[in-house]
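Student: Dropping the sequence and predicted coords here.
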Amino acid sequence: MSDNCQGGRPAAPFPMNEPTLETKQIFQGRVISVQVDTVRLPNGGTSTREIVRHPGAVAVLALLEGRLLVVEQYRKPLERMQVEIPAGKLEPGEDPQEAALRELEEETGYKARSIRHLRSFSTSPGFAEEVIHLYAADDLEPTEVHLDEDEFLTCEAITLEQAERFMEEGKIFDAKTVLAVYMWKQFVRTGQF
């Protein structure tokens, strides 16, 4: 990287890290935990950082006869229905590829004969450690849906045009699905993800 941006600060003359001085656990839930860390700043001062701990997740860009498999479900934090690619939380020690295969089958009723890792990305690095592992799946065969007891969703296969319209309308709004749609568009154009 260059030393500075237009109008930015020059490169720091000290290490750019924030060693943790103290950690206070403030919440432990089924999916996340929240802690407040007191950190030493690069300039020697101190500050606090609120951190959401999450075990990570997987998401699957699954194509069935040229259409993207998506699920629609109610998302309480947004108080609305969302169209998303199949996804789910990693279990402790679970291999992400195995989790991707599991989530695809559980949510859509399709098993992939071929799956490959596309990207891993941080969802909100300013406050959360969650990393999502995105996979592409094809050569699908029907099986059975196996939803969790608190999971209510519908599955459908949509065209690229529908996906782009859903993004414009805000029905597709989450980062993993938006990224998957752009990667799918690139695949249609170039034959490569």
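Tutor: Sure thing, it's come through.
Student: Name the residues linked to the residue nearest the centre of the chain by a beta bridge.
Tutor: For the chain, the residue nearest the mean C-alpha position is I132 (3.9 Å; C-alpha atoms, centre = their mean). Judged by DSSP bridges, the bridge partners of I132 are A57, F121.
Student: which residues touch it?
Tutor: 56-59, 87, 120-121, 123, 176 (C-beta atoms under 8 Å, 6 or more residues apart in numbering). For glycine as for every other residue, the C-beta is placed from the backbone atoms N, C-alpha and C.
Student: 7 Å instead?
Tutor: Going by C-beta atoms under 7 Å, 6 or more residues apart in numbering, I132 touches 57-59, 120-121, 123, 176.
Student: Equivalent analysis for H133, please.
Tutor: Each residue near H133 by C-beta under 7 Å, 6+ apart is listed here: 58, 96, 100, 117, 120.
Student: Out of the contacts of I132, flag the one nearest to V36.
Tutor: Relative to V36, the closest of the contacts of I132 is T123; by C-beta to C-beta it sits at 19.8 Å.
Student: So which residues of this structure form strands?
Tutor: With DSSP state E as the criterion, the chain has strands at 20-28, 33-40, 46-53, 57-64, 67-75, 80-84, 87-89, 110-122, 131-142, 153-158.
Student: ok now the longest one, how far from the chain's centre?
Tutor: With C-alpha atoms, centre = their mean, to the nearest Å as the basis, strand 110-122 stands 12 Å off its chain's centre.
Student: That strand: which residues count as buried?
Tutor: Under the neighbour-count criterion of 16 or more other C-beta atoms under 10 Å, strand 110-122 has 110-112, 115, 118 buried.
Student: Low-confidence bits of this protein, can you list those?
Tutor: 1-13 (pLDDT under 70).
Student: and the helix ranked longest in it, what other elements does it pack with?
Tutor: In the chain, taking DSSP state H as the definition, the longest helix is helix 175-190. Packing partners of helix 175-190 (3 or more C-beta pairs under 7 Å, 6 or more residues apart in numbering; DSSP states H and E): strand 57-64, strand 131-142, helix 160-169.
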